[in-house]
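[1] Whatever this is, show me its structure:
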Amino acid sequence: MGVFPPKGTDGRYKDIMILHIQGLILVLVLIIALWASFSILGRSILSMVMGSMGESVSTEDIGQTLELAGMGDMFSTGVNIFQKVTSALSVLSYIAAFASLAGAVYLIILMKSRIALIIDTSAPYENPVKVKKAKFVWLGFLLGAYGGHLFALKKKRAWIFLLMGILGMEIIPLFLYTSGISFADAFMACFIEKDENGYIEMEDYPYWI
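    This next block holds a predicted model:
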């Protein structure tokens, strides 16, 4: 079992590979958005705390006290540097938050277009597999990082995903990988029409990406 399809592979396998790569990039972009959001929230809380403390103790009072000890200039310099760094980080966080959210939307659009190519391909499936649509989609979105959707397919790889997902709690790249692949698979399944029994047919993709 290879990581990528063999060189020169075209058609559905190539499109699934591209979809998986887009899913991996999407998860990374969402992590950046989450980091930026928490950074903005953290600084807002810090500002509120410092504001409430400032009502009882002002920087001028501290500065005057340190001036008596001969450390007034050092304190003023430190305050100026702190304010500039905080302002820069705040601007950076807002830029990262908006840029990553815009990037996520763009990636979702690209993934939807790629899924349309996968579904509309007239060529027959090379390794078709049938699975309950609702079960596969929900497990993919909620527990895909731990191989949930692969357990629905009854694949041995599900156990590897489960192990990688658990290890990913400490080794972040592993969790990013399983999350990206599972999101791409579940997202694709959303657009595949189910039969009267609620099953969908999809490609049993044999590669890691």
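
[2] Which residue, other than its chain neighbours, is closest to the residue nearest the centre of the chain?
    Taking CA atoms, centre = their mean, the centroid of the chain lies closest to Val27, which sits 2.3 Å from it. Nearest non-adjacent residue to Val27, counting by CB to CB, 6 or more residues apart in numbering: Gly180, 4.2 Å away. From N, CA and C alone the C-beta is placed, and that goes for glycine too.

[3] so what's that neighbour up against?
    Residues near Gly180 by CB atoms under 8 Å, 6 or more residues apart in numbering: His20, Gly23, Leu24, Ile25, Leu26, Val27, Leu28.

[4] which secondary structure element contains the first one?
    The reference is to His20. Secondary structure from DSSP states H and E places His20 in helix 12-54.

[5] which helices and strands sit right next to that helix?
    Applying 3 or more CB pairs under 8 Å, 6 or more residues apart in numbering; DSSP states H and E, one finds that helix 12-54 contacts helix 72-120, helix 172-189, strand 199-203.

[6] Pull the residues that contact the shortest one.
    Residues lying outside strand 199-203 but in contact with it, judged by CB under 8 Å, 6+ apart, are 12-13, 16, 118, 125-133, 136, 188-189, 192-194.

[7] mind listing what's buried in that strand?
    Ile200, Met202, Glu203 (16 or more other CB atoms under 10 Å).

[8] Lovely, talk soon.
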